[in-house]
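Engineer: I'll drop the sequence and a predicted model, then ask my questions.
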Amino acid sequence: MRKIPLEKIRNIGIIAHIDAGKTTTTERILYYTGKTYKLGEVHDGTATMDWMVQEQERGITITAACTTCHWRDCNINIIDTPGHVDFTIEVERSLKVLDGAVVVFCGVGGVEPQSETVWRQADRYEVPRIAFVNKMDRTGANFFEAIDQIHKRLGANAAAIQLPHGKEAGFDGIIDLIEKKLVHYKDDLGKDVEIIDIPAEDLPEVEKYRTIMIEKLAEVDDQIMEDYLHSKDITPKEINDAMRKSVIANKFVPVLCGSAFKNKGIQLVLDAVCDYLPAPVDLPPIKGTNPDTGEFEEITASDKAPFCALCFKVATDPFVGKLYFIRVYSGILTSGSYIYNASKRERERVTKLVKMHANRQEITESVSTGEIAAAVGLKDTKTGETLCTEKNHILIEAMRFPEPVIQQAIEPKSKDAQEKLGMALHKLEEEDPSFRVIYNQETGQTLIAGMGQLHLEIIIDRILREFNVEAQVGAPEVAYRETLSRKVTSVGKFISQSGGRGQYGHCVLEMEPQETPGTGITFEDKIKSGAIPREFIPAVKQGVMGAAKSGVIAGYPVTDVKVTLVDGSFHEVDSSEMAFQMAGSFAFADGLKKAGPKLLEPIMDMEVVVPEEFMGQVIGDLSSRRAKIVALAQRLNLRTIRANVPLSEIFNYATSLRSLTQGRASYTMEPSFYTEVPSHIAEKIIAGFSTAGASRRGL
């Protein structure tokens, strides 16, 4: 039975740029809601949500951690996400299943590069959000500059609903613009709070920013606009009601302030979560597709509706095996029941259900609409797959996973470790959709590919320590891609006759570059008049996708190609799925050779923050690395350089930057797009690939 009414549930994520204070904010939330009785600190390695050994050692969040707490009369399910770009998949899959988000900004840094990335991800999934400007006690913190950047860089209709009282080290309270009161903190733990009248000297600034708040709200709420134009007194209740409605509609972003580390402002963030962020019933119904008819259907958030959930994460637990994290969109799931994987069209049995608190589990008999939990006992379910009832099967839109940009060779140190390594890589690949394992037939190497050097470093550390595998790894390499430059028609034939029944497969493909980069390989069937029987068409697609894993220039995966099956023929007796799979593979390889294949390299979007006196040296160094400078800006007494740089040119860039700037500069980067490799560099890559292949073959 449901204990908490559906309208009192809040599913939220804490998202931000690295080191903005997400985990510290979450730790304070757990403390003030009574979930924990001791404040965990990231820098001490004692944070509840950073439970992995690698997280505690590095002081960063690597994996999204779930927990549940209670505030006022609401049940708040929280996912604390990583800020480092290498683990952006954790943010992506969390936002897919969340109803709201608290976006944390650094009071000194303002809107930083990864802040923009997570904001765009939240835009993609239409997640309502509130903003929390953290670290207001730090030297150089500027609340109003942060709001200005939220307007300019993120294009958000945002306004302060609070003001900081006192600056930097003197920050001692928060002014509530809605109630026009000062929340003054009297102790270091943030529990001894007094609510007093605003000092007279602060009233002019309060009136100014309260008017701005009402004006911004009036832009998206007709009733507030009417009252404002007629100079009516707008009550706090009217402001709160309009604000809740506008936040849920994604038309307004309230901006709060505080200092999580100094225990100021967190209770007010919790109040804002309860007051403004939506419950599952406040949002439009989730849309899904009927796998039989292909028509859209809506999933109603109700316990009485048929069960439907999305598996958004798979994790390996040393005690119970695999944990399948699910968000329930409708109905109730009980422990021990059978469910249906609509993505794979297979039945699954749930042996146990648990509520998660970081890495700790609390067994529960059932989970209801709007809840986030983990299921144990599933066999074939993967991240992004829909779970429902067999009678009412429906498919929720799948998630998009980024392409890896960096790879390393890995091999076991002994024959005994071969099998253990294979199992470890398989488990890690199931957990992390942005991590890929590739076997290069040409060189005989096993390659692991990921989103960056830190990503692969963590993976390798886990293989060595968590899975106890003795392995050696090569130096990081760029994950190049291949594509074609023009439209071609290609033919693939597979004919084999060796006595008895033969093999016959024949297909004609049209291949052309994708209009939108980053689309990958798409396959379209335009066969008419039964030139190829319907049962053989999936085999042609399978052959195409298999051939696309290794290109013709240097053996790199092929991307951004639209493949259309237009013609073919078959033999009544000799045709088979295997024959058409081979024909599809031959046709794709032939088309790739004829279509002017070209090599692509990943380009990183980089931001360097550097003192003025070193700016010239840094720009000169970036130019020597084939960087394209996109923008230059001022941030307090520092300069920022935004540039697009090929990944191959910036391995171990941190060392070079430190030596150029006496250790005073910092940088962040994220994968942005793929572009063609200059011909003189492509020649070296191809020559290196040919040499490696020849040496492996003993030539």
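Structural biologist: Looks like it arrived, so ask away.
Engineer: Go through the lengthiest strand in the chain and flag the buried ones.
Structural biologist: Looking across the chain with DSSP state E, the single longest strand is strand 598-611. Neighbour counts over strand 598-611 (16 or more other Cβ atoms under 10 Å) mark 598-610 as buried. The C-beta positions use only the backbone N, C-alpha and C, and glycine is treated the same way.
Engineer: and it, which strands flank it?
Structural biologist: Taking DSSP bridges as the criterion, strand 598-611 sits next to strand 481-483 (antiparallel), strand 638-646 (antiparallel), strand 666-676 (antiparallel) in its sheet.
Engineer: Please state the mean pLDDT value computed over it.
Structural biologist: Per-residue pLDDT values across strand 598-611 average out to 89.
Engineer: before we move on, the earlier item: out of the strands paired with strand 598-611, which is closest to Thr139?
Structural biologist: Thr139 lies closest, by Cβ to Cβ, to one member of the strands paired with strand 598-611: strand 638-646, at 13.3 Å.
Engineer: who touches the closest one?
Structural biologist: Residues outside strand 638-646 that contact it (Cβ atoms under 8 Å, 6 or more residues apart in numbering): 601-612, 615, 618-619, 622, 625-634, 669, 672.
Engineer: again, 7 Å this time
Structural biologist: By Cβ atoms under 7 Å, 6 or more residues apart in numbering, the list of residues contacting strand 638-646 from outside reads 601, 603-612, 615, 618-619, 622, 625-633, 672.
Engineer: would you put the C-alpha positions of it in CSV?
Structural biologist: The C-alpha trace of strand 638-646 is given here as CSV (Å, rounded to 0.1, in the frame of the first residue of the first chain):
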residue,chain,number,x,y,z
LEU,A,638,41.1,36.2,-15.0
ARG,A,639,40.6,35.7,-18.7
THR,A,640,38.8,32.8,-20.3
ILE,A,641,39.6,31.2,-23.6
ARG,A,642,37.0,29.1,-25.4
ALA,A,643,38.5,26.9,-28.2
ASN,A,644,37.8,23.9,-30.3
VAL,A,645,40.8,21.6,-30.2
PRO,A,646,41.4,18.1,-31.7
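Engineer: Next, please give the residue ranges for the helices of the stretch 201-350 of the chain.
Structural biologist: When assigned using DSSP state H, counting those that start in this stretch, the helices of the stretch 201-350 of the chain occupy the ranges 203-218, 222-229, 236-248, 266-276.
Engineer: Alpha carbons of the second one, in CSV - could you do that?
Structural biologist: Written as CSV, here are the backbone C-alpha positions of helix 222-229 (Å, rounded to 0.1, in the frame of the first residue of the first chain):
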residue,chain,number,x,y,z
ASP,A,222,-1.3,36.5,-16.9
GLN,A,223,-2.8,37.0,-13.4
ILE,A,224,0.5,38.4,-12.0
MET,A,225,0.8,40.6,-15.1
GLU,A,226,-2.7,42.0,-14.6
ASP,A,227,-2.1,42.7,-10.9
TYR,A,228,1.3,44.3,-11.6
LEU,A,229,-0.1,46.6,-14.3
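Engineer: follow-up on the earlier one: which member of the buried residues of strand 598-611 is positioned nearest Gly109?
Structural biologist: Using Cβ to Cβ, the buried residues of strand 598-611 come closest to Gly109 at Val609, 8.3 Å.
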